[in-house]
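Q: Need coordinates for the following:
(4 chains)
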Protein chains: 4
Amino acid sequence: MICIKNSMGIDAINAVNAVSFEADKSNNNNTEYHKNFLKWLEYFQKNDLVGCCAQTDMKGERLKRPAQQTDPDMYLHVVEKRSDGIVVRGCKVHISEASIADEIIVVPTRALGPDEKDYAVSFAVPADYDGVKQVVSIHNFRKREHITKGGDYGYTDSYLIFDDVFVPWDRVFLCGENEHGGICALLFALFHRHSYSGCKPGIGDTLVGLAALAAEYNGIPKAAHVKEMLKEIIMVSELGYAAGYTGSDLGKPEVYIPGMGNVPYGPGSFIPNSIYCNVGRCLTGEAVFHEQEILCNIAGGFPSTFPYEKDLVDPELKPLLDKYLNRNPNVPVEDQIKFWMTFSDFTCSGTSGVINYGNYHGGGSPIMEQIAITSQYDIKLRKSLVKSLAGIEPLKAGMLRKP
Amino acid sequence: MICIKNSMGIDAINAVNAVSFEADKSNNNNTEYHKNFLKWLEYFQKNDLVGCCAQTDMKGERLKRPAQQTDPDMYLHVVEKRSDGIVVRGCKVHISEASIADEIIVVPTRALGPDEKDYAVSFAVPADYDGVKQVVSIHNFRKREHITKGGDYGYTDSYLIFDDVFVPWDRVFLCGENEHGGICALLFALFHRHSYSGCKPGIGDTLVGLAALAAEYNGIPKAAHVKEMLKEIIMVSELGYAAGYTGSDLGKPEVYIPGMGNVPYGPGSFIPNSIYCNVGRCLTGEAVFHEQEILCNIAGGFPSTFPYEKDLVDPELKPLLDKYLNRNPNVPVEDQIKFWMTFSDFTCSGTSGVINYGNYHGGGSPIMEQIAITSQYDIKLRKSLVKSLAGIEPLKAGMLRKP
Amino acid sequence: MICIKNSMGIDAINAVNAVSFEADKSNNNNTEYHKNFLKWLEYFQKNDLVGCCAQTDMKGERLKRPAQQTDPDMYLHVVEKRSDGIVVRGCKVHISEASIADEIIVVPTRALGPDEKDYAVSFAVPADYDGVKQVVSIHNFRKREHITKGGDYGYTDSYLIFDDVFVPWDRVFLCGENEHGGICALLFALFHRHSYSGCKPGIGDTLVGLAALAAEYNGIPKAAHVKEMLKEIIMVSELGYAAGYTGSDLGKPEVYIPGMGNVPYGPGSFIPNSIYCNVGRCLTGEAVFHEQEILCNIAGGFPSTFPYEKDLVDPELKPLLDKYLNRNPNVPVEDQIKFWMTFSDFTCSGTSGVINYGNYHGGGSPIMEQIAITSQYDIKLRKSLVKSLAGIEPLKAGMLRKP
Amino acid sequence: MICIKNSMGIDAINAVNAVSFEADKSNNNNTEYHKNFLKWLEYFQKNDLVGCCAQTDMKGERLKRPAQQTDPDMYLHVVEKRSDGIVVRGCKVHISEASIADEIIVVPTRALGPDEKDYAVSFAVPADYDGVKQVVSIHNFRKREHITKGGDYGYTDSYLIFDDVFVPWDRVFLCGENEHGGICALLFALFHRHSYSGCKPGIGDTLVGLAALAAEYNGIPKAAHVKEMLKEIIMVSELGYAAGYTGSDLGKPEVYIPGMGNVPYGPGSFIPNSIYCNVGRCLTGEAVFHEQEILCNIAGGFPSTFPYEKDLVDPELKPLLDKYLNRNPNVPVEDQIKFWMTFSDFTCSGTSGVINYGNYHGGGSPIMEQIAITSQYDIKLRKSLVKSLAGIEPLKAGMLRKP
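A: All right, here's what the predicted structure looks like:
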């Protein structure tokens, strides 16, 4: 439940590690991206810093590529190359925990064409760097004054506006290699979708606990529909976990490149299996609102109209509310009150709405996973199998199933 | 969209109108419930008052009936009968718009046994009546200071604590007739589920507008998945509407009574068809979270991290945010900003969470409609039809389909 | 349950009635389509004939219009106009009950451009007409020899190959008016989708009966999941019925024409409301496989491995099978046997698979209803409503909801 | 795709291996079940035999336990113990491939009480053993005479009636140890659900191929809804596979026993993780009918009314059908014909209906997996986590997530 929010930075580091190595290689090692990266990484690790990853661009007109936008700044890009570094402009959005990070790692957000080399840029800057403007959204649960809870939870997202920011060359990890820019975008997403296979089951633990306690406090823990619904939450958590587990175990130092299939990539560090990371993340993303429905179904209306803290401690109302809110004689009423207030935080607060959006779109919306899955899965093999069943072509050797 | 919140009171009036008439009849007209009701109704109508309906009790231990509760006050009941009136005790919850209503109409919340006559009570009191304590939840969208919107919307719910409240006899519409108490509970629910067939399509209009504008402002109005999703929202709205339309048209002055089927009931006023009202309300209730998923899918992450009003008007940030938030060059950026702030109100605010709970459980949770449907539908007829197909029994005359 | 299969012919008649009238009008009454149609209709009615409707063309390359096909015959079209009539060529597929119909009514299958006038053709010919070749699929349940059932049910579909068929002018109802050809296609579909609002609840009756008896014979009639599942089937049936009921009641002598909205059309005969007919049919179509899942869930594996008739009456096996198949002591074992054999017919037979396809695609696949709904629904009105909420534009008069 | 149908026997062997060992242990090794089993296994392996597993009993009245049945034979049980062996009576149903197996391995079907020791019996007999009567259902695709296909596929299920069958002691692996009988039932199911994590992806390969080829032959391979639907099938296959993969890798020589949690069990052979095997099998089971819907959606009506083989080769019809069935000019028409006939076999044949039932209920219906999941998952841990968030109890050490 308590996320230390390191995954974005680490996932970006993993992606840049491979991409900077390969970009140098394709430049016949006339560039020093990987050396820059390793030097920066040493600094990052020695000082035990926290990083965030700035990937998602503002994107502007969604059906146009970066180079086609009316405003070319809708995707972050290099506006000037100088002998000592580069100047970048653009706005990265939904950047989780940028407000508390030490370092911002910038990576591209999509595949890029030869006319979009300026958009193929990756670098790191300190989070309070000159010219980087953060517009922060704060997602905290309601403050309490009287009824204690287990802690104050929350997180932040930032718009990061790069208003002509200068980056010295030794912090630049990619600059102009558009093929590798697209791979970098995919690789961060892949590592981050893999991270979700650990993240989401943690969230699922909270959902299972909320649902099971709501059923218990409502006096219906053994109702058939409660068991059915608990099963559904558990399935999402554990299938998501299994997908990540399998994706790890089948990982290789390879990436999928359209037209080439899976090819060796990077300095040898492992990259999780893309199909499993994507089916797992797609499942957990698509489940978000159904899980909220389950919580709503089991809870009933209580979380939406629960009395305010000040009413709960008001001298005139407290005895009456303590009497009437004591719906399960087996549970102290103060625990029932604490529980429903926390349940309401997770379901009927502004932050709960924001969390749903994060859990749905974070790491890539379901459509992004669909694109990864349908473009990388060996559908041709399955067509051949069916053709052999239909007698259209013979069954060939090597038609054995592989993930 | 803009609900004047009269439906609860009117639906309660329709229920009490029939029930008070029948209760008198079953008392050989030794009671004057219906006369009391009509007199009160005349006062209510002449003064153009607004009523709310207090039905849902605190309920306590959910698997126990009112008479079995550890605390007998978990359902509102009569604690004293006096020559001039009755004294009632209990707590009604989730009472929408009680805080702005003139009159509170109290009805029972469930079927009642012969040992629960004290719980079979219906009456009306002014909303600011002595001994009635309101604990109010306020569901407003965020206030704005700088960026105008079309109006301030919101509503309220109340806990209504009846702390030994005296009600004079001429405001009592039912007191002790437990069979009619159960019918009263069902009838208010039925009328209110029927009201939802008009209410929900109004909400659906907003959802369709939000989804369609989000697609337009995101530049993807013609995407296949957008059309598919718009269709889904429209289907829910219009099937819900059709169910109510049909339920009205097939209405009769009849109620369904377990073991007796549909029987004439009340002074002749029409009662909508129960099957159609229930299938309609069940559909719209069960669709709530999927509709939110659709909005989330089409919108992307924007509504969850949109800049705060003060950042949007900040002199340093405004030019940058106006530049970057201008993602669709065909729409003035100030309109884009207004739209996404309103979208966020409907999806990522505390009130949006509360609205979901109301739209899901209001008028009876899906399980309540399921109970109504499966207990009232003529399943026996359908079994006979299949038996005739299977050759187990002959096809009988009168096996023609009826709703 | 027992369909007399008249709906296709009647729905075609209703469509052609309106279209032939309007086509004449747009030809300044230089054509006599409507007169031809009325004369044919009189003959059809006087002789109490049965008609079928030949709409669906082979279609060929699905992303190409008729005029773009490699083989121009993939949609039926006029290949010669003569003084005494026309010659048509093409192949209509999935034509239900053509094998037992007296008359085949041919209508176009889609919107047509000015270069596709030859495809805008409607006419009627006898079903055993010269040059019309029928390739028939027969969908009967398994024949029985020993264990009787309530009757023999089944139906047929035909490919109708029009191999240069001559049609005399007085049987031609449309020939070359491409705008009306498209309307004719839509109108037949609309009437037929409306017919489904009566048809599908009849099928639903069978499904409810099968599910309820399976639960009873399995000894679990009161299980929570059984009630939930019965509710789901009932909802589909009755929401579909309500949609048709409302579509009828809101019918007008009008059609929706893209770019023009709803306009008067035809000689004054009523046309059901398109939105309601389409949401109803879409619901029932999309529910087909989930309903089969419900039957499978409640039945368990029994219908898939039930003993063959000859085993059931085999002298050695009969006593043993009668003993072991008697799983519910409250039901005669011979009734249990009859029931499961019929259940198997409806779920595990070749015909049951075919029925599913018919119930899913008949009258237009779900995507066709989606196109009708999203193109005809007043989405602009809903956008304006949301704009007024967001403060983008004022609330205008006339923004009241209408279906 | 081509299943050699060994999994049932092997899964039963794995279960009996552990259970016979533990039963002996709990009998202070006064029994020789495990020795019997190992001796039989040696014979089985030396002769390279094929086994099937007879688990599912007729079950009779579903809400009654075996000992409560009106007819005690509704679950197979020991009717006589003799010095040289036991006599058993009962009827096992849905026993896949019993008709072609060499050996039948019998195991109990459910948890058993102390009054049901006679039902706690496991043994092996040859499939053509005296007194074992097989009532076989044959599930073959349609025979062809003219249009070749890739092979003849199919399988069989049997009712196995044990009509007072004598089993010598050296083929008895359990007899009377009711606690181990229940574990044996669970263990076979667990191993078999694990097998489904390999089986179902193989079926999924066929489904992906059928869907992808149908889209290609229909000329819509790049349609948005096709990609979405392919993704859904792939997700089911690969999440099911990942669940099995993870279940294998986290396996231990342990079983879950109610009230005791996971405890060491058996002679040391590994048992897959129950949670992962169950979430995987539940997912693939519940997906069956939705996958059929996807095939139906992409295919259109073609598979349901495809011409019969004799029409396709009829001299008069062949040229016409070859012309009109050639809907995709990039694919030879004979391949299109072969494909749609095979597609029809998998979707609109009696066998396709039976396959759906097998894929849904085989290895345990979804409700059985739900019971396993919700009874074995550590829900208490998740409740504690939420209590710590709510401030009801402190966060404890050891609350780290574990599968």
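
Q: What mean pLDDT does stretch A:325-345 get?
A: Averaging pLDDT along stretch A:325-345 gives 98.

Q: distance between that stretch and the chain's centre?
A: Taking the mean of its C-alpha atoms, stretch A:325-345 sits 33 Å from the chain's own mean (Cα atoms, centre = their mean, to the nearest Å).

Q: And chain D, is it touching that?
A: Yes - contact of stretch A:325-345 with chain D (Cβ under 8 Å from any Cβ of the partner chain) involves A:335, A:338, A:339, A:341, A:342. No exception for glycine: its C-beta is placed from N, CA and C like everyone else's.

Q: Tell me the buried residues in that stretch?
A: Residues of stretch A:325-345 classed as buried by neighbour count (16 or more other Cβ atoms under 10 Å in any protein chain shown): A:325-328, A:331, A:333-345.

Q: Contacting chain B as well, which ones from these?
A: A:325, A:326, A:327, A:328.

Q: where are the low-confidence patches of the stretch 251-400 of chain A?
A: Within the stretch 251-400 of chain A, the segments meeting pLDDT under 70 span A:398-400.

Q: Let's see which of the residues of stretch A:325-345 next to chain D end up in helices.
A: Assigned to helices by DSSP state H, the following of the residues of stretch A:325-345 next to chain D qualify: A:335, A:338, A:339, A:341, A:342.

Q: what ranges do the strands span in the stretch 251-400 of chain A?
A: A:254-257, A:261-264 (DSSP state E, counting those that start in this stretch).

Q: okay, the ones you listed, which one's buried deepest?
A: strand A:254-257 (a mean of 18; mean count of other Cβ atoms under 10 Å in any protein chain shown).

Q: Show me how the record splits chain A into domains.
A: Here the domain parsing of chain A from automatic domain parsing is A:7-178, A:187-375.

Q: so which of the ones you listed is the most packed in?
A: By mean count of other Cβ under 10 Å, those have domain A:187-375 as the most buried, with a mean of 21.

Q: What's the end-to-end length of that domain?
A: In terms of Cα to Cα, to the nearest Å, the two terminal residues of domain A:187-375 are separated by 15 Å.

Q: The longest strand that chain A contains and chain D in contact?
A: For chain A, the strand with the greatest residue count under DSSP state E is strand A:154-168. No - remark: strand A:154-168 sits outside contact range of chain D, by Cβ under 8 Å from any Cβ, the gap being at least 12.5 Å.

Q: Residue A:55 is in contact with residue A:90, correct?
A: No - taking contacts as Cβ atoms under 8 Å, residue A:90 lies outside contact range of residue A:55: 11.6 Å.

Q: who's in contact with the most centrally placed residue in chain A?
A: Centroid check for chain A by Cα atoms, centre = their mean gives residue A:363 as the closest residue, at 3.1 Å. Residue A:363 makes contacts with A:189, A:192, A:193, A:195, A:196, A:281, A:285, as judged by Cβ atoms under 8 Å, 6 or more residues apart in numbering or on different chains.

Q: Setting aside sequence neighbours, what's the nearest residue to the residue of the stretch 201-350 of chain A found nearest chain D?
A: Going by Cβ to the nearest Cβ, chain D is nearest to residue A:209 of the stretch 201-350 of chain A, at 3.2 Å. Nearest non-adjacent residue to residue A:209, counting by Cβ to Cβ, 6 or more residues apart in numbering or on different chains: residue D:386, 3.2 Å away.

Q: and what of residue A:101?
A: Once flanking residues are discounted, residue A:101 sits nearest to residue A:52: 3.9 Å by Cβ to Cβ, 6+ apart.

Q: Quick check: phi and psi at that neighbour.
A: Residue A:52 has phi and psi values of phi -130, psi 170 when expressed as degrees, to the nearest 10.

Q: There's contact between it and residue A:9 in this structure, I believe.
A: Yes - with contacts counted by Cβ under 8 Å, residue A:52 reaches residue A:9, the gap being 5.6 Å.

Q: shared neighbours of the two, anything?
A: A:101, A:103, A:105.

Q: If we only consider the residues you listed, which is nearest to residue C:179?
A: residue A:105 (59.2 Å; Cβ to Cβ).

Q: What helices and strands are in contact with the strand or helix carrying that closest one?
A: Here residue A:105 sits within strand A:103-106, counting by DSSP states H and E. Where contact means 3 or more Cβ pairs under 8 Å, 6 or more residues apart in numbering or on different chains; DSSP states H and E, strand A:103-106 is packed against helix A:7-26, strand A:51-54, strand A:85-96, strand A:121-126.
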